[in-house]
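Asks: This is a predicted model, with the sequence first.
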Amino acid sequence: MVSCILLVVVWILSFVPLTPLELSIGYLFGFKTAYACVYAGKVIGCSTAFILGRSVAYNWAQRQFGQNELLRALDKAVSERPLQICVLVRFGAIPIAIKNYGLAILTVTTKDFIRSLVVVESLMSTVLVFVGSTAKNLEAIMSGRQPRSAWQAAVVLLGCCMLLALVAYVSLYTRRALREIRKAPQSDKKIQ
């Protein structure tokens, strides 16, 4: 069990998409064991990635992206509604590396990041591990040859709706922040 948790942590830290691993762990170990491994690994791995993004990679990211107008606008939107943006980002169909390292360079507090991580990933881990644990033939599901149940279709629809909500919500606040940044003096045009 510990080696499975460590595998999830390393997987997250190495920028590799996590969904196939979550499904596979659910398929191999059954729901209860797989959920414990995946959830613990995600909390540890995502928290570690966020902390690394805040410390080791922060200065580099600031040099690379600190002058980017769109990123500054997104940062301003995040600073106005950090918990809501974190929750929507965590629910979105976005690579986990972007969720962790991307939020780390913005003005999201560690508290808001951890709160959204614990709540959202408990739900997301449940769904993916459950789908993996109930799969009779994982390859058939991944390739689309096995018909999806109504529950699976509902999960996909929910994921799509969350992604659309994320895009709409973030773009609304980003556009407003972008207008404010364009009006600001030149000295204010860097991510704090």
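Replies: Perfect, I can see it now. Numbers count the residues shown, from 1 in each chain.

Asks: from here on, contacts and neighbour counts on C-alpha atoms
Replies: OK.

Asks: Specify the local secondary structure of the residue lying closest to residue 82 once chain neighbours are set aside.
Replies: Once flanking residues are discounted, residue 82 sits nearest to residue 108: 5.6 Å by CA to CA, 6 or more residues apart in numbering. Look at residue 108: counting by DSSP: H, G, I helix; E, B strand; the rest coil, its state is coil.

Asks: ok, so what distance separates residue 108 from residue 21?
Replies: 28 Å (CA to CA, to the nearest Å).

Asks: Please, which helix or strand holds residue 60?
Replies: helix 58-65 (DSSP states H and E).

Asks: got a list of what the nearest residue to residue 129 once chain neighbours are set aside touches?
Replies: Spatial nearest neighbour of residue 129, excluding adjacent residues (CA to CA, 6+ apart): residue 26 at 4.4 Å. Residues in contact with residue 26 (CA atoms under 8 Å, 6 or more residues apart in numbering) are 34, 35, 128, 129, 130, 131, 132, 133, 134.

Asks: redo that, cut-off 7 Å
Replies: Each residue near residue 26 by CA atoms under 7 Å, 6 or more residues apart in numbering is listed here: 34, 129, 130, 132, 133.

Asks: Can you find the helix or strand of this structure with the lowest average pLDDT?
Replies: helix 138-143 (a mean of 57; mean pLDDT, DSSP states H and E).

Asks: all helices of the protein, in order?
Replies: Remark: helices assigned in the chain by DSSP state H are 2-13, 19-29, 31-54, 58-65, 69-80, 82-91, 96-97, 103-104, 110-134, 138-143, 150-183.
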